[in-house]
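Undergrad: Here is a sequence together with a model predicted from it:
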Amino acid sequence: MMQPNVHYAELKDSYLFAGIAKKTQAYLQAHPGQKLYRMGIGDVSLPLCPAVIGALHAAVEEQANQSSFHGYMPECGAAFLRESVAAHYAERGVTLNADEVFVSSGASDELGDITDLFARENAALVIEPAYPAYVDACVIGGRNIIHLPSGEENGFLPAPPEDGQAGFVYLCSPNNPTGAVYDRPGLQAWVDYANRTGAVILFDAAYEAYIEDPALPHSIFELEGAKTCAIEICSLSKTAGFTGTRLGYTVIPKTLTRGGMNLNAMWVRNRTTKTNGVSYLLQRAGAAVFTTAGQEQVKAQIGVYKQNAKILTEALDACGIWYTGGKNAPYVWLKCPGGMGSWEFFSYLLNEVQVVGTPGEGFGKCGEGFFRFSTFADPADTEEAARRLKTLLK
Ligand code: MLT
């Protein structure tokens, strides 16, 4: 008889965002026709930019013709896209070979799949509050999780532990959900820790495009020694509005080895077995993001979301509510007013002003009492939500 993976029983009843969707759906069923101001899940509201749309149309035409048709794509990514990504890193002073870049179908899949590289016995260190997919992937894989709490006292940016118990570490900067960003010394401390203990850092850089302070690192590979201890996982979801299009990339330096094995070569082996590559159409769309026109257009879109962040943080300032993030990150992380619990505040906002956010507790125990707003909503909705928040909370 098949024995199920019993670790599924250790997961929460539903994934955080699926749970929120269910609660908002129930609210709408009880209040038909009511408009909601959705700032819960970080899903983008602007359409793909013209450079991307143009590339998609051109790629569709290529696929329609015998002479330009593409069948299977290389499993680790098309050379044109791997080279575009490497060139993008070079502009930041990070030298990569194109074959250190792997094209993926998005960061959320990759953050779990990449753990195929690590023996089961490796414990995962997760800084909490955390993007719930890290924890769920480790629970499903039956791995031990070391929870490293963070809070206001360390600006949600904890220093590495003294011990070397973790086999690998999830680091997310700019952080989801807190919006906190490691500065160079803070991130260097993690790189030094990983090189000292032999741990591997899984650096989730999905929000790097939101950094505006030139002193802050976008990539872990800007730090000394990172190429012997880190894997970087990136996504075009929030950089270029690909949440529904699905495309990302992962950097595994060829110098990253453990136990005499090369992690880049292992991932090539993994991808060639487990995938048939990302579609040609999407890889052409992704390459368009890295063109001059593409970069200008996606930066303009990011500017719109940054304006949303400004509107929301001004509303919180007006209400005297403590928050962090929103400046170098597309999330605003606030303390629930009046000592409310985070799910209590969720229901309060939903029922009183029809504003949907994400309860901090959904990102781990130390998120209790906090709440997250995404800045990716429609600008008019964000303005109205800010107005409602001010009316309710001032
Ligand atoms: C979030 O809201 O935390 C993200 O949108 C989730 C994701 O990227 O999968």
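TA: Thanks, I have it. Numbers count the residues shown, from 1 in each chain.

Undergrad: do you know how far the closest residue to the ligand within the chain is from Phe363?
TA: Of all residues in the chain, Gly42 sits closest to the ligand, at 3.1 Å by C-beta to the nearest ligand atom. In this view, the C-beta of every residue, glycine as well, is placed from N, C-alpha and C. Counting by C-beta to C-beta, to the nearest Å, the gap from Gly42 to Phe363 is 12 Å.

Undergrad: try Ile252
TA: Using C-beta to C-beta, we find Ile252 at a distance of 27 Å from Phe363.

Undergrad: Check which residues of the helix or strand Tyr27 falls within are buried.
TA: Here Tyr27 is covered by helix 16-30, with elements defined by DSSP states H and E. The neighbour-count criterion (16 or more other C-beta atoms under 10 Å) identifies Leu16, Phe17, Ile20, Ala21, Lys23, Thr24, Tyr27 as the buried residues of helix 16-30.

Undergrad: packing partners for it?
TA: Applying 3 or more C-beta pairs under 8 Å, 6 or more residues apart in numbering; DSSP states H and E, one finds that helix 16-30 makes contact with helix 342-353, strand 358-359.

Undergrad: and the next element down the chain from that helix?
TA: Moving toward the C-terminus from helix 16-30, the next helix or strand (DSSP H and E) is strand 37-38.

Undergrad: Quick one: residues in contact with that following strand.
TA: Applying C-beta atoms under 8 Å, 6 or more residues apart in numbering, the external contacts of strand 37-38 come out as Thr24, Val353, Gln354, Val355, Val356, Ala377, Asp381, Thr382, Glu384, Ala385, Arg388.

Undergrad: could you redo the last one with a cut-off of 7 Å?
TA: Contacts to strand 37-38, defined as C-beta atoms under 7 Å, 6 or more residues apart in numbering, come from residues Gln354, Val355, Val356, Ala377, Asp381, Glu384, Ala385.

Undergrad: ok, now stretch 181-188?
TA: Applying C-beta under 7 Å, 6+ apart, the external contacts of stretch 181-188 come out as 157, 173-175, 211, 215-217, 220, 223-224, 328-329.

Undergrad: Just the endpoints, please. Distance across stretch 269-282?
TA: 23 Å (C-alpha to C-alpha, to the nearest Å).

Undergrad: Lys310 versus the closest residue to Ser279 other than its chain neighbours, what's the distance?
TA: Excluding its sequence neighbours, the residue lying closest to Ser279 (C-beta to C-beta, 6 or more residues apart in numbering) is Met73, at 7.0 Å. Per C-beta to C-beta, Met73 is found 40 Å from Lys310.

Undergrad: Neighbour count for these two, which is higher?
TA: Met73 (19 against 15; other C-beta atoms under 10 Å).

Undergrad: If we look just around the ligand, which residues of the stretch 101-250 of the chain are in range?
TA: Taking C-beta under 6 Å from any ligand atom as the criterion, the neighbours of the ligand within the stretch 101-250 of the chain are Ser108, Tyr131, Asn176, Ser237.

Undergrad: Just the pLDDT for the first one.
TA: What the model reports as pLDDT for Ser108 is 93.

Undergrad: and it, that's in a helix?
TA: Yes: applying DSSP: H, G, I helix; E, B strand; the rest coil, one finds Ser108 inside a helix.

Undergrad: what's the nearest residue to it if we skip its chain neighbours?
TA: Residue nearest to Ser108 in three dimensions, not counting chain neighbours: Ala133, with 5.3 Å by C-beta to C-beta, 6+ apart.

Undergrad: That neighbour is in contact with Asp113, isn't it?
TA: No: checked against C-beta atoms under 7 Å, the pair Ala133 and Asp113 is beyond contact range at 10.9 Å.

Undergrad: The residue nearest to Ser108 belongs to a helix, doesn't it?
TA: Yes: if the criterion is three-state DSSP, then Ala133 is within a helix.

Undergrad: Could you count how many residues lie near it?
TA: Applying other C-beta under 10 Å, we find 20 residues neighbouring Ala133.

Undergrad: residue contacts, it?
TA: Applying C-beta under 7 Å, 6+ apart, the residues contacting Ala133 are Ser108, Leu111, Gly112.

Undergrad: quick check: longest helix of the protein.
TA: In the chain, taking DSSP state H as the definition, the longest helix is helix 292-319.

Undergrad: Quick one: list the elements packing against the helix or strand following that helix.
TA: Toward the C-terminal end, the helix or strand that comes next after helix 292-319 (DSSP H and E) is strand 323-325. Other elements packing on strand 323-325 under the criterion 3 or more C-beta pairs under 7 Å, 6 or more residues apart in numbering; DSSP states H and E are strand 331-335.
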